[in-house]
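**Q** I'd like to go over a predicted model; first the sequence, then the structure.
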Amino acid sequence: MKQVTATGQTVEEAVVSALAQLNTTKDRAEVNVIDEGKKGIFGIFGSRPAVVKVTLKIDPIDEAKKFIQEVSRSMGAPVEIDVKREGKQVNLVLSGEKIALLIGKRGQTLNSLQYLTQLVINRNSEQFLTVVLDAENYRNRRSDTLIQLANRLALKAVKTGKDVALEPMPSYERKIIHSALSENNRVKTLSDGTEPHRFVVISPIKNK
């Protein structure tokens, strides 16, 4: 955490000096006034400078990017990160020559990295943020695969008359399954288990 203590004839001057030293703006810093100072007689005798301590606020998105870059370098697959924020959702799009290593089998590595990144970003954020990691348009391709899987397993549930449990998956992937089968009047879906091992169960609706 970066912080500086600065002085000035007024609090405002001291703050400006501190912000210049930190190379930042007031909205990205926390200001603590240590001494408001004193003008003194004729502005000279008995005067005392204003003293402030200014701390640079941690940017949660920057911290998330640093975390991902450290992990990717340690895996021998350095990446570039493109950030797109939509309200409380932060989309981080990764690109690199060895990006497949970060995606992993059926996106398991990418999902794990996403889960850890969300912990990192919310450790430093004033409001809860949802993180979505993507690479090589994997999320869209995965969505298409999940929709096909949902429809296939729904048919299996109807045919066998038994519940079908899917593998554990993150919440946004479970939502894809629920949404894909929301208008299927022959099955119902529910999520079971605890995070990060929560999974979807497809149950046949038995006619009375």
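**A** On my side now, so go ahead. Numbering: from 1, shown residues only.

**Q** and Asn23, how many residues sit next to it?
**A** Close neighbours of Asn23, defined as other Cβ atoms under 10 Å, add up to 8. Every residue, glycine included, has its C-beta placed from N, CA and C.

**Q** ok, so what distance separates it from Ser182?
**A** The gap separating Asn23 from Ser182 is 51 Å, by Cβ to Cβ, to the nearest Å.

**Q** With Arg123 instead?
**A** Summarising the geometry, the distance separating Arg123 from Ser182, computed by Cβ to Cβ, is 34 Å.

**Q** Identify the residue nearest the geometric centre of the chain.
**A** Centrality entry for the chain: nearest residue to the mean C-alpha point is Val131, 3.1 Å, by Cα atoms, centre = their mean.

**Q** who does the helix or strand hosting that one pair up with?
**A** Remark: Val131 resides in strand 130-135, with elements defined by DSSP states H and E. As defined by DSSP bridges, the strand partners of strand 130-135 come to strand 89-95 (parallel).

**Q** ok now the very next helix or strand once past the partner strand, how far from the chain's centre?
**A** Helices and strands here follow DSSP H and E; after strand 89-95, the next one along the chain is helix 99-103. In terms of Cα atoms, centre = their mean, to the nearest Å, the gap separating the centre of helix 99-103 from the centre of its chain is 19 Å.

**Q** Show residues contacting the following helix or strand past helix 99-103.
**A** For helix 99-103, the following helix or strand on the C-terminal side (DSSP H and E) is helix 108-123. Around helix 108-123, the neighbours that count as contacts under Cβ atoms under 8 Å, 6 or more residues apart in numbering are 60-61, 63-64, 67-68, 71, 90, 92, 101-104, 128-133, 135, 138, 169-170, 173, 196.

**Q** Go again with 7 Å.
**A** Residues from elsewhere that reach helix 108-123 (Cβ atoms under 7 Å, 6 or more residues apart in numbering): 60-61, 63-64, 67-68, 71, 90, 102-104, 128-129, 131-133, 135, 138, 170, 196.

**Q** out of these, which are buried?
**A** When burial is judged by neighbour count using 16 or more other Cβ atoms under 10 Å, the buried members of these are 60-61, 63-64, 67-68, 71, 90, 102-103, 129, 131-133, 135, 138, 170.

**Q** Okay, domains of the protein per the record?
**A** With domains defined by automatic domain parsing, the chain comprises 3-56, 60-136, 140-204.

**Q** mean confidence for the last one?
**A** The average pLDDT for domain 140-204 rounds to 94.
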